[in-house]
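Trainee: got a predicted model here, sequence first, then my questions.
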Amino acid sequence: MAEGTPARIDRAALDRIIQRAAELQTSEREIGDSLTPDEVLALGKEVGIPSRYLQQALLEERTRIATPAPAGLLDRIAGPGLAAAHRVVAADGATVERSLLRWMEANELLCVQRALPGRITWEPVGGLYAAFRRSAAALGPSKPFMLSRATTVSAIVLPLESGYSHVTLTADARASRSGFVGGSVALATSGAAGTAILATLGAMLPLALVPLPVALALGYGMLRRYPPTLERLQLGLERALDSVEQSAGNSQRQLTERTAGILGLLAEEVRKALKPSS
């Protein structure tokens, strides 16, 4: 590194520095066990956080959905049958729905199954169109399809305060989970059947038991292929929400720039009118 050049700070270090600085600043104030929303906004203003970000964070906290505990045997053995993601977006419901429709059409192999105000469901598209899209994705630099293993994908958009919406995306992976569980059970059953046949034919016990542990190991390996599938669905939902959030942010910036431009023109006209004539 050249002498006198300041050291660069990476993103992880920056997050730690900002978090620690906020803790140090807030520790100078007496804060009770709980705060009102107005007190949170006032505290954020003191540490330099814009109120619109705090407002969005407060809405996200109010609408937080707790992760449910495993409900059945399949959930405990293989994993949940649904992937879900939710977020508060600084946009009205109609804008959010349009953004989701554009994203799913352009970046996923899904088609609209049903669309109602505040609720949209998609299903996988098949046939020649799906084959063409997959071929184009393989040949080009396009993003991978993340939600194609879901039976259905649904979106629920709830309006909150003015200019904010709560978006919940859900991907149904139960059919995919059933396929992995069925394959695992089939392998285990075939191993047990092989052991029974060898024992019936009079094979020595150590030899007769060989198919069973092999089949159980293969069945377990088949079952462990489901969690990565669920994680991919989860990532696909988060990616869709990222796109909606970025679209909302771009709309806000464009509105701000447009407003600033109009105000600038008005200010320029006022300056011209007040300028003394020569």
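Mentor: Arrived safely. Here the structure is a predicted model, which means the values were calculated and not measured.
Trainee: may I have the beta-bridge partners of Leu82?
Mentor: On the basis of DSSP bridges, Leu82 takes part in beta bridges with Asp172.
Trainee: whoops, Trp122 was the one
Mentor: Per DSSP bridges, the residues bridged to Trp122 are Val112, Val153.
Trainee: residues in contact with it?
Mentor: By C-beta atoms under 8 Å, 6 or more residues apart in numbering, the residues touching Trp122 are Met104, Glu108, Leu110, Cys111, Val112, Gln113, Leu147, Thr152, Val153, Ser154. All C-beta atoms are positioned from the backbone trio N, CA, C, and that covers glycine.
Trainee: so where's this protein shaky on pLDDT?
Mentor: Under the criterion pLDDT under 70, the flagged ranges of the chain are 1-6, 18, 22-72, 136-142, 249-278.
Trainee: can you give me the strands in it?
Mentor: Applying DSSP state E to the chain gives strands spanning 82-89, 110-116, 119-124, 153-159, 165-172.
Trainee: can you list the buried residues in the last one?
Mentor: Think strand 165-172. Ser165, His166, Val167, Thr168, Leu169, Thr170, Ala171, Asp172 (16 or more other C-beta atoms under 10 Å).
Trainee: cool, the second one as well?
Mentor: Applying a neighbour-count criterion of 16+ other C-beta under 10 Å, the buried positions in strand 110-116 are Leu110.
Trainee: and it with strand 119-124, angle?
Mentor: Orientation check (axes from the mean of the first three to the mean of the last three C-alpha atoms, to 10 degrees): strand 110-116 against strand 119-124 gives 160 degrees.
Trainee: likewise the last one?
Mentor: Using the same axes, to 10 degrees, the inter-axis angle of strand 165-172 relative to strand 119-124 is 30 degrees.
Trainee: report all helices and strands that strand 165-172 contacts.
Mentor: Using 3 or more C-beta pairs under 8 Å, 6 or more residues apart in numbering; DSSP states H and E, the elements in contact with strand 165-172 are strand 82-89, helix 93-107, strand 153-159, helix 226-274.
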